[in-house]
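Enquirer: Sequence and predicted structure below; questions after.
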Amino acid sequence: YESIALYTSPAYLTMMLVVDLARERGEGSPELDKFEKALEELPGQLQAIAEPSRQMAERLAPELDSGKLLVLSGGAAYTLGYMMAYDMFGEFLKEYCAYIHYGEFRHGPLEIVRPGEPTMLFLVGNDRSRPFAEAGIQFAKGNGAKTVVFDGRELLPNAHPLLDALVLYQAQLWLLYYMACRRSVDLENYKYMHVVPYAADDIYF
């Protein structure tokens, strides 16, 4: 919690720890070696896509200026989508937002799609969940929903699929910034969180 990289740093360090633990347990493999190499290369790659990430967010932020918002992600980007819906949009932008895995979208929630709504934000990476994302995007666009896509493949086409969330994270931080600017939202101004207790016996709020 002392790091300003509150999402990326723990995720990155956890992945490094998994590599070391696998080796200690005698479970090394060519795939593990490939993943370790990808981890070593990632910081430089993230630096290289810093400006393209900002540009992507600046370009797409105006498309999210509408009512009902739904964030969809999956695979290695699952946690990033969840965080965007409930932390970034809910907590910081004070805006209603729901989250769903794009593999689950076809099992009923697709009934909410109609011309003009909801606004669907897809976070798409390079892993094997991609076909589910593409199916959801095609369905949403084909049936009139407002569809906004942040594609990790556009930013870093050859990234290891397990790193999708980290590849997309910079663009999502910029998205939060641009959306806050468009709405004149003070990101540090809370109405409830850290202001009033959530329950009567709360000692931390």
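Expert: Nice, thanks for sending it over. Residues are numbered from 1 along each chain as shown.

Enquirer: switch to C-alpha atoms for all contacts and neighbour counts from now on
Expert: Fine.

Enquirer: centroid residue for this protein?
Expert: residue 80 (3.1 Å; C-alpha atoms, centre = their mean).

Enquirer: residue contacts, it?
Expert: Residue 80 makes contact with 73, 165, 169, according to C-alpha atoms under 8 Å, 6 or more residues apart in numbering.

Enquirer: quick check, it in a strand?
Expert: No - applying DSSP: H, G, I helix; E, B strand; the rest coil, one finds residue 80 to be helix, outside a strand.

Enquirer: any idea how far it lies from residue 143?
Expert: 26 Å (C-alpha to C-alpha, to the nearest Å).

Enquirer: now do residue 23
Expert: 49 Å.

Enquirer: Please apply the same query to residue 26.
Expert: From residue 26 to residue 143 the distance is 51 Å (C-alpha to C-alpha).

Enquirer: of these two, who's got more company?
Expert: The neighbour count for residue 26 versus residue 143, taken as other C-alpha atoms under 10 Å, is higher for residue 143 (15 against 9).

Enquirer: which one of the contacts of residue 80 is nearest residue 131?
Expert: residue 73 (11.6 Å; C-alpha to C-alpha).

Enquirer: residue boundaries of the helices in the chain?
Expert: 8-24, 30-48, 50-60, 78-83, 130-142, 152-155, 164-183 (DSSP state H).

Enquirer: what's the closest of these to residue 197?
Expert: Of all those, helix 78-83 comes closest under C-alpha to C-alpha, at 22.4 Å.

Enquirer: Against which helices or strands is the lowest-mean-pLDDT helix or strand in the chain packed?
Expert: Here the helix or strand of the chain ranked lowest by mean pLDDT, DSSP states H and E is helix 8-24, holding a mean of 92. Using 3 or more C-alpha pairs under 8 Å, 6 or more residues apart in numbering; DSSP states H and E, the elements in contact with helix 8-24 are helix 30-48.

Enquirer: Report the angle between the helix it packs on and helix 164-183.
Expert: 30 degrees (axes from the mean of the first three to the mean of the last three C-alpha atoms, to 10 degrees).

Enquirer: List the contacts of helix 30-48.
Expert: Residues contacting helix 30-48 (C-alpha under 8 Å, 6+ apart): 12, 16, 19, 156, 159-160, 167.

Enquirer: Many thanks, I have nothing further to ask.
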